[in-house]
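Novice: coords please:
(one chain, ligands or ions: 1)
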Amino acid sequence: MDTRNLGLDLVRITEAAAIAAGRHMGFGDAIRPDGDATTAMRRELNTLPVDGRIVLGEHRELKSDRMLRHGDAVGTGHGDAVDLVVDPVDGRNLLARGLPGAISVIAAAPRGSMWAPERAVYMEKLVVDRHAASAIVPECLDAPAAWTLSLLARVKEKAVRDLVIFVLDRPRHADLIDEIRAAGARVMLQAEGDVAGALLAASPRHPGVDALMDIGGIPEGVIAACAVRALGGAMLGRLAPQSQKERSDLRTSGLDESAILTASDLVSGTDLYFSATGVTDGPVLRGVHYHGQRAETHSLVLRAETRTRRTIQAEHLLDENADPTWLGHDTN
Ligand SMILES: O=P(O)(O)OC[C@H]1O[C@](O)(COP(=O)(O)O)[C@@H](O)[C@@H]1O
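Specialist: All right, here's what the predicted structure looks like:
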């Protein structure tokens, strides 16, 4: 890609999505804010000076013009060929319930550099920061959690009981949670949002989380891999089908369920960009705050090539007469 910092364009996209979604905080609806955020995201994406393509689009129950699907063309169509993975609201049930931690995220990389198993849904993930990167070896995904935790503790020069592991609160993680607790480490259970969990685990600025271990969405995993690469952390991933249908889809697509992928396998090269904007206040980013005609946003923009980490606080003038999704009042 050319040398411009695409991340500075991406942030406008996550800001717009977060502003559109944030209006719905606490209204109990998880679907509509996602649609509004997607509409706002698509509008901004189409101003991006690239020949863009969405990979790993959403599998949602929304009408198609309110979704960004695998293969959708975005951008002005002129410029570098770029693949993008988006999650307009990661943690949409958190947003619906007015809970902390919902963020809007996007990642971009040159065409063909992202792992994009279109029909797969879930993957196993292990994420750590750069200080613990040397502890992460492929065996960690099959070994008992206690083994991985002891490697982690050794490189971090901590006791296992001082480690905190982020895990999504799901019944499928019951055994994993038991294993972590039995090993003596502490568990941070979060209802949703494992991109934010990966950011916490991969960023040495958040010493409160030492690793993320879970099975979560594949788009979220690839977005997280971009952030992990840009933060210098380490990640392992592996397909983790959760139903017979998903398993047979994988077989039909010829995907190898047993392959263990590193962050560089999930997204290769160094020309990678990531942007996240807070929707609700959370441990990684403050959410959107509205003040009459203005909204304030907080974003994190990462560029892998230079390892630049920017935090951007912005104030936006809201135009009530413009596109209705700007204020989240869509008429659909
Ligand atoms: O909710 P599931 O099906 O367990 O899937 C886990 C995925 O859902 C999330 O918690 C929330 O995703 P959405 O808010 O985009 O629906 C992701 O962060 C995670 O990867």
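Novice: Contact partners for Ile177?
Specialist: Val167, Val187, Leu189 (CB atoms under 8 Å, 6 or more residues apart in numbering). From N, CA and C alone the C-beta is placed, and that goes for glycine too.
Novice: which among those end up buried?
Specialist: Val167, Val187 (16 or more other CB atoms under 10 Å).
Novice: Show only the entries of the contacts of Ile177 found in strands.
Specialist: Val167, Val187, Leu189 (DSSP state E).
Novice: Just send the residues you listed back as JSON lines, with distance to Asp249 and pLDDT too.
Specialist: Formatted as JSON lines, those follow (distance: CB to CB, whole Å; pLDDT from 0 to 100):
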{"residue": "Val167", "distance to Asp249": "26", "pLDDT": "98"}
{"residue": "Val187", "distance to Asp249": "31", "pLDDT": "98"}
{"residue": "Leu189", "distance to Asp249": "29", "pLDDT": "97"}
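Novice: And those residues, which is closest to Ser113?
Specialist: Val167 (29.1 Å; CB to CB).
Novice: beta partners for the single nearest residue of the stretch 151-300 of the chain relative to the ligand?
Specialist: For the stretch 151-300 of the chain and the ligand, the shortest gap (CB to the nearest ligand atom) falls at Gly216, measuring 2.8 Å. Per DSSP bridges, the residues bridged to Gly216 are Met123.
Novice: now the residue positioned nearest the centre of the chain, what's its secondary structure?
Specialist: By CA atoms, centre = their mean, the chain has its centre lying nearest to Val195, at 3.4 Å. The three-state label for Val195, taken from DSSP: H, G, I helix; E, B strand; the rest coil, comes out as helix.
Novice: separation between it and Trp115?
Specialist: 16 Å (CB to CB, to the nearest Å).
Novice: rewinding a little: can you pull the contacts of the residue nearest to the centre of the chain?
Specialist: Counting by CB under 8 Å, 6+ apart, Val195 has contacts Asp87, Asp90, Ile103, Val105, Glu220, Ile223, Ala224, Ala227, Ala276.
Novice: Just the pLDDT at it, thanks.
Specialist: At Val195, the model reports a pLDDT of 98.
Novice: how close does it sit to His291?
Specialist: According to CB to CB, Val195 stands 27 Å off from His291.
Novice: so where do the strands sit in the stretch 201-332 of the chain?
Specialist: 211-217, 234-239, 261-262, 273-278, 289-291, 294-303, 308-317 (DSSP state E, counting those that start in this stretch).
Novice: Let me have these in TSV, extended by mean neighbour count and mean pLDDT.
Specialist: Shown next, in TSV, are these (neighbours: other CB atoms under 10 Å; pLDDT from 0 to 100):
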stretch	mean neighbour count	mean pLDDT
strand 211-217	27	97
strand 234-239	24	98
strand 261-262	19	98
strand 273-278	29	98
strand 289-291	13	95
strand 294-303	21	97
strand 308-317	13	96
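Novice: Distance to Ile19 added to those, as TSV?
Specialist: Formatted as TSV, the strands of the stretch 201-332 of the chain follow (distance: least, CB to CB, whole Å):
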stretch	distance to Ile19
strand 211-217	23
strand 234-239	30
strand 261-262	34
strand 273-278	8
strand 289-291	8
strand 294-303	5
strand 308-317	6
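Novice: Can you give me the domain boundaries for the protein?
Specialist: 7-112+271-331, 122-266 (automatic domain parsing).
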